[in-house]
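A.B. asks: coordinates only, sequence not included:
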């Protein structure tokens, strides 16, 4: 027989969040559940005891039984169903009232042994009824005792008819306990008692039987009806009250599960709820086993069992797979031994709990069979617990996602800030250091290999970073290719040693898409000092990191206020620029694109300006490189796109016959963003702007930077948006290379235009660009037109559009609108 030792207690399914705080005491392990374990149930039991103890008929019996010799025979009260208990108390009271009245005849008229037999029978019958009521159930031996006591009273009584009220009183009372088969057995025993009276009474009193036997025979159907009606009454009351109690358990458990996501506490609540359900059904017991295939594993908790089996045979479970609502099967020796009596057993598979091996089964049984509503309640409870476990898993996943970076698994910025704050606030005060880590030229990896392989490399970097730091250090990914580390208890020397290990670990060659890549890394170190808050400490580490990036002689730099003054100013500029778009400090200026004859405006280019609150109007060459390096170009580019389309739509509303093409510059970082194309489409839809009237300008290097960039260009062009090459001639591409790109417009760099009137080579280049572009069906726009000589020459060379200070310097939206009304537009 394949067996396995029972575990002392099943391990919790999920990691806990800390010590479990319980509102109620847990259900005892491997002990019979006599109550449901709740304060309400305990109060109810005490109330039931109070009712019985103050019952004038039961109080003397209880005091007598409380005497030391009889105490062990007087059981603790069983849990009571309120309505059924009132009914039973009424019936036992009526039975006890009828008992002394029925004994008056023998006491007055007989002497000797008959009198003794009547008294003994009466006392025995009274104690049996009281004991059965207090116990909450009637055993078979108690029915046998009742029959013998009834026979003794009937034989001793001078009038044997006196036994009939006692028989019916006993039937009414006892029918409120036990099963239907017990009712039949009880009627048979009482009938046998009456038959014995008929036989023994003439022998005891030495006279003929005084009654006719026919009426006595007619009593049998009445006894059957009495027993059946009493039994059905008890069943109906029990089912009603049990349903109410079972519903209360489910409601209680549901409320408790709403307040916790801890797996250990959920498990404890589940067993407590099982104990409460067992308290609703007398004699119900439950154990949990796990089917591992060849063996059964008995979990170390149960309810209502005298002892928990050390092991179970696998075939036991196979005989129990009857499902919820099955009547149950008997003859399971191992289970009966654990229960301490013969029971009918049922089992069903519990819902799967995450991270547990094998199928869990609940096995439950009761001497009188498991009621269907109790089985359904246990099944529903099992589903509630399984749902609680799943909610626990989801909660832990969400908690982890909120605290960790989704790509690398390291702590995120929020957790980094919280850990650093806790370290700075720790008592006693200990040194704290921060490392700020940045990967050099990581953008090249994304451009060459794609973002998927770039993400793989970031995960490898995160692993190396975690391995290079100390166990108590907290590594975090701040964003992009930037990482940070909190070093509790670290001074400058310790922090420098950790930083050197980080540099050595990350600088090791890594394999990306089958090719070897070696990353550069820059690390800045800052240590906590008096008066330095979290923001300032991180800022200093960031400043030191930029110092290390600028100083190619060392990859690690410790913050030095005097040395890093320039870095502080640069970082302050970056911080202000990151907030510029949201602070309303960005402005979009416009410069027209006109026909070669200078008579009509056909398009307008949007050019961003930054109106700094202290330094005034800033031009793109002072902040766009910074924005591209820090990633702020994304928010700036989005702002310019939407503002330009909004202004153009307003000009169109003033003159519906005039729809200018809007040129917007796009950086490489914007093109790398997966959401950029969706942003463009949404902007066109919001302003109902024709896609062909939106011209996105890219530099040559952006267009040919990577296959992914070319793919996105085709995707944008596929939506009808016009693509233009800006500053053509300054990069490495040629017109023949551009044949493979979705380009409709080439903008000739102003350096060629400015020299075309005085330099033969510049004129030749300009003319060649215009001629070859036209041969490929591509339009040309010449930038930097500042004089009438420039305009006449470009008109002569065949340029399709002109742009420059000759027509209008970049102007605000209001100024450009006025120029449209008074200038050459539309003529």
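C.D. replies: Cool, got the structure. If you're wondering where the values come from, they're calculated on a predicted model, not measured in any experiment. Numbering: from 1, shown residues only.
A.B. asks: could you look up the SS state of the nearest residue to residue 816 once chain neighbours are set aside?
C.D. replies: Residue nearest to residue 816 in three dimensions, not counting chain neighbours: residue 590, with 4.2 Å by C-beta to C-beta, 6 or more residues apart in numbering. Bear in mind the C-beta positions are built from the backbone N, C-alpha and C, glycine included. The three-state assignment at residue 590 reads strand, by DSSP: H, G, I helix; E, B strand; the rest coil.
A.B. asks: would you mind listing where the stretch 1-150 of the chain has pLDDT under the threshold?
C.D. replies: By pLDDT under 70, the low-scoring segments of the stretch 1-150 of the chain are 1-82, 105-110, 112, 137.
A.B. asks: would you mark the buried spots in stretch 292-299?
C.D. replies: Using 16 or more other C-beta atoms under 10 Å as the test for burial, stretch 292-299 gives 295-299.
A.B. asks: ugh, typo on my part, it should be stretch 785-795
C.D. replies: 785, 790-791, 793-794.
A.B. asks: biggest separation within those, which pair?
C.D. replies: Pairwise distances across the buried residues of stretch 785-795 (C-beta to C-beta) peak at 9.5 Å, for the pair 785 and 793.
A.B. asks: need the contact partners of the helix or strand hosting residue 142.
C.D. replies: Using DSSP states H and E, residue 142 maps to helix 140-156. Identification of contacts with helix 140-156 by C-beta atoms under 8 Å, 6 or more residues apart in numbering yields 102-103, 106, 110, 114-115, 117-118, 120-122, 124-125, 128-129, 131-132, 160, 162-163, 166-167, 170, 174, 182, 185-186, 189-190, 192-194, 196-197, 200-201, 204.
A.B. asks: after that helix comes which helix or strand?
C.D. replies: Following helix 140-156 in sequence, per DSSP H and E, is helix 163-174.
A.B. asks: packing partners for the following helix or strand past that following helix?
C.D. replies: Following helix 163-174 in sequence order, the next helix or strand is helix 180-205 (DSSP H and E). Packing partners of helix 180-205 (3 or more C-beta pairs under 8 Å, 6 or more residues apart in numbering; DSSP states H and E): helix 140-156, helix 163-174, helix 213-258.
A.B. asks: so which of those gets nearest residue 570?
C.D. replies: Comparing the helices and strands packed on helix 180-205 against residue 570 with C-beta to C-beta, the closest turns out to be helix 213-258 (51.7 Å).
A.B. asks: between that closest one and helix 180-205, what angle do the directions make?
C.D. replies: 140 degrees (axes from the mean of the first three to the mean of the last three C-alpha atoms, to 10 degrees).
A.B. asks: C-terminal to helix 213-258, what's the next element?
C.D. replies: Once the chain leaves helix 213-258, the next helix or strand it forms, by DSSP H and E, is helix 263-280.
A.B. asks: can you redo the helices and strands packed on helix 180-205 as a markdown table with distance to residue 664?
C.D. replies: What follows is these, written out as a markdown table (distance: least, C-beta to C-beta, whole Å):
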| stretch | distance to residue 664 |
| --- | --- |
| helix 140-156 | 94 |
| helix 163-174 | 94 |
| helix 213-258 | 52 |
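A.B. asks: distance to residue 575 and mean neighbour count added to these, as TSV?
C.D. replies: Compiled in TSV, those are given as follows (distance: least, C-beta to C-beta, whole Å; neighbours: other C-beta atoms under 10 Å):
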stretch	distance to residue 575	mean neighbour count
helix 140-156	87	23
helix 163-174	87	22
helix 213-258	43	16
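A.B. asks: out of these, which gets nearest to residue 373?
C.D. replies: helix 213-258 (5.9 Å).
A.B. asks: from the contact counts, what lies against the closest one?
C.D. replies: With contacts defined as 3+ C-beta pairs under 8 Å, 6+ apart, the packing partners of helix 213-258 are helix 82-109, helix 163-174, helix 180-205, helix 263-280, helix 372-403.
A.B. asks: relative to helix 140-156, how tilted is the second one?
C.D. replies: Relative orientation of helix 163-174 versus helix 140-156 (the same axes, to 10 degrees): 170 degrees.
A.B. asks: so residue 674 belongs to a helix, correct?
C.D. replies: No: read with three-state DSSP, residue 674 is coil and lies in no helix.
A.B. asks: how much space separates it from residue 650?
C.D. replies: Residue 674 sits 31 Å away from residue 650, going by C-beta to C-beta, to the nearest Å.
A.B. asks: which SS class is residue 523?
C.D. replies: Under three-state DSSP, residue 523 comes out as strand.
A.B. asks: ok so, going back, in strands only, show me the buried residues of stretch 292-299.
C.D. replies: If you go by DSSP state E, the buried residues of stretch 292-299 have 296-299 in strands.
A.B. asks: returning to what we had before: in a markdown table: the buried residues of stretch 292-299, plus pLDDT and distance to residue 744.
C.D. replies: What follows is the buried residues of stretch 292-299, written out as a markdown table (pLDDT from 0 to 100; distance: C-beta to C-beta, whole Å):
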| residue | pLDDT | distance to residue 744 |
| --- | --- | --- |
| 295 | 72 | 74 |
| 296 | 73 | 75 |
| 297 | 76 | 72 |
| 298 | 78 | 77 |
| 299 | 76 | 72 |
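A.B. asks: columns distance to residue 472 on top of these, output as CSV?
C.D. replies: Putting those into CSV (distance: C-beta to C-beta, whole Å) gives the following:
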residue, distance to residue 472
295, 43
296, 44
297, 38
298, 41
299, 37
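A.B. asks: which other helices and strands does the one helix or strand residue 462 maps to contact?
C.D. replies: Taking DSSP H and E as the criterion, residue 462 maps to helix 451-468. For helix 451-468, the packing partners by 3+ C-beta pairs under 8 Å, 6+ apart come out as helix 442-449, strand 474-479, strand 482-488, helix 492-507, strand 510-512.
A.B. asks: residues making contact with the third one?
C.D. replies: This means strand 482-488. With contacts defined as C-beta under 8 Å, 6+ apart, strand 482-488 is touched by 410, 416, 419-420, 423, 426, 430, 432-439, 461-462, 465, 469-470, 472-478, 494-495, 498, 502, 538, 541.
A.B. asks: what's the PyMOL syntax to select whichever of those are buried?
C.D. replies: Provided next is the PyMOL selection string for whichever of these are buried by 16+ other C-beta under 10 Å:
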select buried, resi 410+416+419+420+423+432+433+434+435+436+437+438+439+461+462+465+469+473+474+475+476+477+478+495+498+502+538+541
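A.B. asks: helix, strand or coil for residue 470?
C.D. replies: coil.
A.B. asks: gap between it and residue 315?
C.D. replies: 55 Å.
A.B. asks: then residue 83?
C.D. replies: Noted for residue 83: a distance of 42 Å to residue 315, by C-beta to C-beta.
A.B. asks: next: residue 773.
C.D. replies: Distance of residue 773 to residue 315, computed by C-beta to C-beta: 87 Å.
A.B. asks: for the two, work out which one has more neighbours and name it.
C.D. replies: residue 773 (23 against 12; other C-beta atoms under 10 Å).
A.B. asks: okay, buried residues for the one helix or strand residue 336 maps to please.
C.D. replies: According to DSSP H and E, residue 336 maps onto helix 333-339. Using 16+ other C-beta under 10 Å as the burial criterion, the residues of helix 333-339 that qualify are 335-336, 338-339.
A.B. asks: now distance to residue 230 too, for these, in a markdown table please.
C.D. replies: Below are the buried residues of helix 333-339 laid out as a markdown table (distance: C-beta to C-beta, whole Å):
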| residue | distance to residue 230 |
| --- | --- |
| 335 | 31 |
| 336 | 29 |
| 338 | 33 |
| 339 | 28 |
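A.B. asks: out of the residues you listed, which one sits closest to residue 687?
C.D. replies: residue 335 (75.7 Å).
A.B. asks: identify the bridge partners of the nearest residue to the closest one once chain neighbours are set aside.
C.D. replies: Leaving aside its chain neighbours, residue 335 sits nearest to residue 345 (5.4 Å; criterion: C-beta to C-beta, 6+ apart). Residue 345 has these beta-bridge partners by DSSP bridges: residue 329, residue 365.
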